[in-house]
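S.K.: sharing a sequence plus its predicted fold:
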Amino acid sequence: DNEAVKRAFRLAFGRVPNNFEIDSALQLWKAASKEQTARNPIPRTYPTEILRTANEENTGQTFTFREKLFEYQDYEPDLQPHQVDARTRGLADLCLALLNANEFLYVY
């Protein structure tokens, strides 16, 4: 766990965390994993066809038609929350917290 936290800090901030940061991150990871255990992520499905409504240009009549979404017919999504355990989702929450830290803030 310590190595995973150190790696997350190196990737997010470009530095190794101090002992206080490691302890805080491990506590957050543990709490987030516990919270994720109570959740049951639902698999997401992607439509391959949708029903659209439009107006006919000449008459102004409303009509509906089915549109095929070809990009979703062979779509391979990235790893989804329902495919990993609560511990991995807890680590993802920790990484999200690191990316939301002021230290990661980009000022231009």
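M.R.: Perfect, thanks for sending it.

S.K.: residue 91 - that's part of a helix, no?
M.R.: Yes - note on residue 91: a helix contains this position according to DSSP: H, G, I helix; E, B strand; the rest coil.

S.K.: give me the neighbour count for it.
M.R.: 22 (other C-beta atoms under 10 Å). (Glycine included, C-beta is placed from N, CA and C.)

S.K.: burial count for residue 4?
M.R.: 14.

S.K.: now do the strands in this protein.
M.R.: Ranges of strands in the chain, per DSSP state E, are 49-55, 62-68.

S.K.: what strands flank the last one, and is each parallel or antiparallel?
M.R.: Translated: strand 62-68. Next to strand 62-68 in the sheet, as set by DSSP bridges, lie strand 49-55 (antiparallel).

S.K.: residues making contact with the strand it pairs with?
M.R.: Strand 49-55 is contacted by residues 61, 62, 63, 64, 65, 66, 67, 68, 69 when judged by C-beta atoms under 8 Å, 6 or more residues apart in numbering.

S.K.: 6 Å instead?
M.R.: The list of residues contacting strand 49-55 from outside it, by C-beta atoms under 6 Å, 6 or more residues apart in numbering, reads 62, 64, 65, 66, 67, 68.

S.K.: dump those to TSV, plus pLDDT, distance to residue 93 and neighbour count.
M.R.: Shown next, in TSV, are these (pLDDT from 0 to 100; distance: C-beta to C-beta, whole Å; neighbours: other C-beta atoms under 10 Å):
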residue	pLDDT	distance to residue 93	neighbour count
62	95	45	9
64	96	42	8
65	96	42	9
66	96	39	8
67	96	37	10
68	95	37	11
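
S.K.: point out where the protein drops to low pLDDT.
M.R.: The model of the chain has no residue with pLDDT under 70.

S.K.: what's the longest helix in it?
M.R.: helix 19-37 (DSSP state H).

S.K.: report the buried residues of that one.
M.R.: Buried residues in helix 19-37, counting neighbours by 16 or more other C-beta atoms under 10 Å, are found at 21, 22, 25, 28, 29, 32, 33, 36.
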